[in-house]
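Sequence and predicted structure, then a few things I'm wondering about:
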Amino acid sequence: MAHIVILGAGLGGLSMAFAMRKAARQDDRVTVVSDSAFFHFVPSNPWVAVNWRTRGDVSVELKPVLDKKGIGFDAAGAKRVHPERREIELADGKVLAYDFLVIATGPKLAFDEIEGLGPQANTASICHIDHAEQAARKWAEFVETPGPIVVGAVQGASCYGPAYEYAMIMDADLRRRKIRDRVAMTFVTAEPYVGHLGLGGVGDSKGMLESAMREHDIKWICNAKTTRIEADKIFVTECDDLGQERRRHELPFRFCMMLPAFKGVDAVAGIDKLTNARGFVFIDEFQRNPTYREIYAVGVCVAIAPQETTPVPTGVPKTGFMIESMVSATAENIRAVLDGREPSTRATWNAICLADFGDRGVAFVALPQIPPRNLNWSSEGKWVHVAKIGFEKYFMHRMRTGATEPAYERILLDLLGVKKLKG
């Protein structure tokens, strides 16, 4: 009998738990460790942050769901992983031994890297349900006395889609309230151009997103380094194509949301040969750490080097469908080792994104996510907004019932009219 521990209970962790329980042998134990008793559907956070959703709409209590599948659960959270002993030190002082460990923690949010950044300082955040609820309260106050908005992503960020979504969702909410004309909006991003997305663009993402921002009267500043943020003003250095200072901006705001850079969580950061300098987990082509071969990793916590050097540092995003391909490969590879075989399954690392704009949206498909690609496709329209709402409802149902079928492949690809995504 083997004990397989999954560290993290977000999109990657829950998907991993279901897939691993299905792939493992009957007498193997599967346990999920999380620092929360609830799963939260992070893609809905931009809606929560304008009061279009509540916490209850996008949350599921974990233990009942996992109990149905025969999966153990501990909500104490991990204090430190000790790979040389194959143990996890939990925050409540307990020690959990494992035969295999899958790290699926997601990121630590690096608000501390920029003065004044984050919900405990001067900006809102949509990275966590707690932050989104706090942003919603600020938003309710803001619409009573509107003013300038600054929204975007700081240097080193690796998840740009939600910033575009939130900008457009705020725009849509303001138009519904008939106060959009009282709000100047500026999009500030480390990307070298609008629609880069940390991926070198996908299809005509540059043209589509620039057109959308022009249509909605949103100005933008690219190649931007955020230097500090005060209570009502953000200081930004705009760089040229060589990364040299081009001009400085002081942008006043009454509401500001800037996505932070990511780091690895404290439980694994700084462990030699397990994580890099930012705390992300090293993996080989089979999702396995090259040094600690009983440790695997999926999702945002994985170390992926940027494929190109940008004037201002940008990271590589890990989208939901890409994460699910990592999950499937990891489950198959751990089962192979349990059966005395070598891992052989590789994740496809394909990327699919539905970016909601409040009443319409844009969709991207990149196969694989990192260029060169077999498919590079983008589209836009009201159908994207409808599709994302449908996907949210389906995915929440999947979590509540503990279903194991691949949600992204079954739903998103059918919606996009892409019949097969292999290789």
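Nice, I can see it. Treat the numbers as computed from the prediction; the structure is a model and nothing was measured.

Per-residue confidence, the residue lying closest to residue 311 once chain neighbours are set aside, what does it come out as?
With Cβ to Cβ, 6 or more residues apart in numbering as the criterion, residue 311 has its nearest non-adjacent residue at 4.0 Å, and that residue is residue 243. Yep, even glycine has a C-beta here, placed from its N, CA and C like the rest. With respect to pLDDT, residue 243 scores 95.

for residue 243, what are its contacts?
Contact partners of residue 243, counting by Cβ atoms under 8 Å, 6 or more residues apart in numbering, are 223, 311, 312.

so which of the residues you listed is the most crowded?
When neighbours are counted by other Cβ atoms under 10 Å, residue 223 leads the contacts of residue 243 with 23 neighbours.

quick one, what contacts it?
By Cβ under 8 Å, 6+ apart, the neighbours of residue 223 are 190, 191, 192, 238, 239, 240, 241, 243, 246, 310, 311, 312.

6 Å instead?
192, 239, 311, 312 (Cβ atoms under 6 Å, 6 or more residues apart in numbering).

how close does the third one get to residue 196?
Residue 311 sits 11 Å away from residue 196, going by Cβ to Cβ, to the nearest Å.

picking up where we left off before, I'd like the contacts of residue 243 written out as a markdown table, with distance to residue 348 added.
Shown next, in a markdown table, are these (distance: Cβ to Cβ, whole Å):
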| residue | distance to residue 348 |
| --- | --- |
| 223 | 32 |
| 311 | 30 |
| 312 | 30 |
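
between those, which is nearest residue 329?
Closest approach between those and residue 329, by Cβ to Cβ: residue 312, at 32.5 Å.

Regarding that closest one, what is its secondary structure?
coil (DSSP: H, G, I helix; E, B strand; the rest coil).

neighbours around the nearest residue to it once chain neighbours are set aside, how many?
Distances taken as Cβ to Cβ, 6+ apart put residue 190 closest to residue 312, at 4.3 Å, once the chain neighbours are dropped. Using other Cβ under 10 Å, residue 190 has 28 other residues around it.

do residue 251 as well
Residue 251: 19 neighbours (other Cβ under 10 Å).

So which residues of the stretch 101-250 of the chain form strands?
For the stretch 101-250 of the chain, the strands defined by DSSP state E, counting those that start in this stretch occupy 108-109, 149-153, 185-189, 218-221, 224-229, 233-239, 245-252.

and residue 194, what is it in contact with?
Contacts for residue 194 (Cβ under 6 Å, 6+ apart) come out as 209, 210, 220.

so where is the stretch 201-350 of the chain shaky, pLDDT-wise?
Within the stretch 201-350 of the chain, the stretches with pLDDT under 70 are 319-321.

can you do 80?
306-307, 318-321, 350 (pLDDT under 80).

Spell out the residue ranges of the helices in it.
205-215, 320-338 (DSSP state H, counting those that start in this stretch).

starting at the chain centroid, how far to stretch 306-325?
Offset of stretch 306-325 from its chain centre (Cα atoms, centre = their mean, to the nearest Å): 10 Å.

what sits up against it?
For stretch 306-325, using Cβ under 6 Å, 6+ apart, the contacting residues are 11-12, 15, 155-156, 158-159, 190-192, 198, 200, 223, 225, 239, 241, 243, 298-300, 304, 347-353, 369-370, 406, 408.

Report the buried members of those.
11-12, 15, 155-156, 158-159, 190-192, 198, 200, 223, 225, 239, 298-300, 304, 347-353, 369-370, 406, 408 (16 or more other Cβ atoms under 10 Å).

State the phi and psi torsions of the spatially most distant residue from the centre of the chain.
Distance from the C-alpha centroid of the chain, by Cα atoms, centre = their mean, peaks at residue 340 (34.2 Å). Torsion angles at residue 340 (phi, psi; degrees, to the nearest 10) stand at phi 80, psi 20.
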